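Novice: what follows is a protein structure lacking sequence information:
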């Protein structure tokens, strides 16, 4: 027998030998299975321990705006459920691009969360040719907190009592009317309003919805189309006058306010939402834990009541459902921006 034959024979005998040596192939398989299962167990362990430090909800607008108000109400309840402080941190500016980029590049451990409304997550991609983040690629949707229509308001000192009055007022003063907007949804809505009514309101940017409301109260701008939360207090106090709402039907929180359609403008139907997002690489088990907490909180009786006073309808959907809505809305607003030639660059 040649040395090669002897080598082959001994190798075959070794691999097929019914002794303790036969354990090695089986051990290799077991070790491989353990290695493959290790990330799953690590994620589960991380989720069980999560959160290990305070959670920060990053809001891309100034304090007092709708997203800020809802984030602060939500944070109190989440702190109670998660056993850790949940802190709201404002990073306003650049249509929430600064905040979105900050969270996208944060550690994917669930401790840095973006308060992501429709604007930066579905309208910025429609109006900016280039962004430092991708809503679909760089984030994992957690859950939608709630949705709401927008509301058109003016100062009571302005002698207009309806949308029809406002349009007539604007057409008589084409170079003297303007609108405040702090984010893409409000600018998109206002530009659609202009197109449908043939008016020429100039766009005046503000840092937050609260600032836009203040500008209306002070008479610095003619009108604003904004989210209901920051408008709730001033409306109740009579500091601003509501003219129309952008929902398809009257909203239960604002039953006295007519819809745009009832006001003679049927093509301005807009529903906006706000939700939580984390960096894309965040472990699914942590995303689920955050999602379950959001769903719990938004359906608490006192939370539902609080959201109702702000004109927000609670949602608390799954991450998968939320992801589909984000993708669908990006396509919708991209079409709107193209038709209206809205370009933020």
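Specialist: Alright, I've got the coordinates. Since this is a predicted model, take the numbers as computed values, not measurements. Numbers count the residues shown, from 1 in each chain.

Novice: what is the burial count for residue 139?
Specialist: When neighbours are counted by other Cβ atoms under 10 Å, residue 139 registers 23. Bear in mind the C-beta positions are built from the backbone N, C-alpha and C, glycine included.

Novice: quick check: it vs residue 105, distance?
Specialist: For residue 139, the distance to residue 105 equals 11 Å [Cβ to Cβ, to the nearest Å].

Novice: what is in contact with the two at once?
Specialist: Shared contacts of residue 139 and residue 105, defined by Cβ atoms under 8 Å, 6 or more residues apart in numbering, are found at residue 279.

Novice: now do the strands in the stretch 201-345 of the chain.
Specialist: 202-205, 223-226, 241-245, 271-279, 313-314 (DSSP state E, counting those that start in this stretch).

Novice: I misspoke; the intended subject was the stretch 1-150 of the chain.
Specialist: For the stretch 1-150 of the chain, the strands defined by DSSP E, counting those that start in this stretch cover 55-59, 86-90, 112-117, 139-149.

Novice: out of the ones you listed, which comes closest to residue 98?
Specialist: Nearest to residue 98 among those is strand 55-59; the distance by Cβ to Cβ comes to 9.3 Å.

Novice: elements contacting the closest one?
Specialist: In terms of contacts (3 or more Cβ pairs under 8 Å, 6 or more residues apart in numbering; DSSP states H and E), strand 55-59 is packed against helix 66-82, strand 86-90, helix 97-104, strand 112-117.

Novice: 6 Å - rerun?
Specialist: Where contact means 3 or more Cβ pairs under 6 Å, 6 or more residues apart in numbering; DSSP states H and E, strand 55-59 is packed against helix 66-82, strand 86-90, strand 112-117.

Novice: if we can go back for a sec, possible to save the strands of the stretch 1-150 of the chain as CSV with distance to residue 206 and mean pLDDT?
Specialist: Output for the strands of the stretch 1-150 of the chain, formatted as CSV (distance: least, Cβ to Cβ, whole Å; pLDDT from 0 to 100):
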stretch, distance to residue 206, mean pLDDT
strand 55-59, 15, 98
strand 86-90, 14, 97
strand 112-117, 16, 97
strand 139-149, 19, 96
